[in-house]
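> below are the sequence and a predicted model for it; my questions follow.
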Amino acid sequence: MVPDEVREQARKLRKELNYHNYRYYVLDDPVIADVEYDRLFRRLLELEERYPELVTPDSP
């Protein structure tokens, strides 16, 4: 079972990553460095690997 705070953290990470994907790929106007994006992405991957039930269709 996934703790609520972990579920919420994954939701926030997905939302933030999708926002940054839009800024980067659609607007061509990134607001964070690649290294910061990679850190967020790795954190989401870690959560999804530990709790596979967190993987959703909108996971980047």
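Received it, and whenever you're ready, just let me know what you need. No experiment lies behind these values; they were computed from the predicted model shown.
> quick one: stretch 32-41 to chain centroid distance?
10 Å (C-alpha atoms, centre = their mean, to the nearest Å).
> buried residues in that stretch, which are they?
Judged by neighbour count using 16 or more other C-beta atoms under 10 Å, the buried positions of stretch 32-41 are 37, 40, 41. Just so you know, the C-beta spots here come from the backbone N, C-alpha and C atoms, and that holds for glycine as well.
> show residues contacting the helix or strand containing the second one.
It refers to residue 40. Using DSSP states H and E, residue 40 sits in helix 34-50. Helix 34-50 has contacts (C-beta atoms under 8 Å, 6 or more residues apart in numbering) with 6, 9-10, 13-14, 16-17, 20, 24, 30, 54-55, 59-60.
> please redo it, this time with the cut-off set to 7 Å
6, 9, 10, 13, 14, 16, 17, 20, 54, 55, 59, 60 (C-beta atoms under 7 Å, 6 or more residues apart in numbering).
> give me the buried subset of these.
Taking 16+ other C-beta under 10 Å as the criterion, what is buried in the contacts of helix 34-50 is 10, 13, 14, 16, 17, 20, 54.
> circling back to that earlier point, next, give me the two most distant ones among the contacts of helix 34-50.
Maximum pairwise distance in the contacts of helix 34-50, criterion C-beta to C-beta, is 21.1 Å, between 6 and 20.
> would you format the buried residues of stretch 32-41 as JSON lines with pLDDT and distance to residue 49 included?
Shown next, in JSON lines, are these (pLDDT from 0 to 100; distance: C-beta to C-beta, whole Å):
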{"residue": "37", "pLDDT": "98", "distance to residue 49": "19"}
{"residue": "40", "pLDDT": "99", "distance to residue 49": "15"}
{"residue": "41", "pLDDT": "98", "distance to residue 49": "12"}
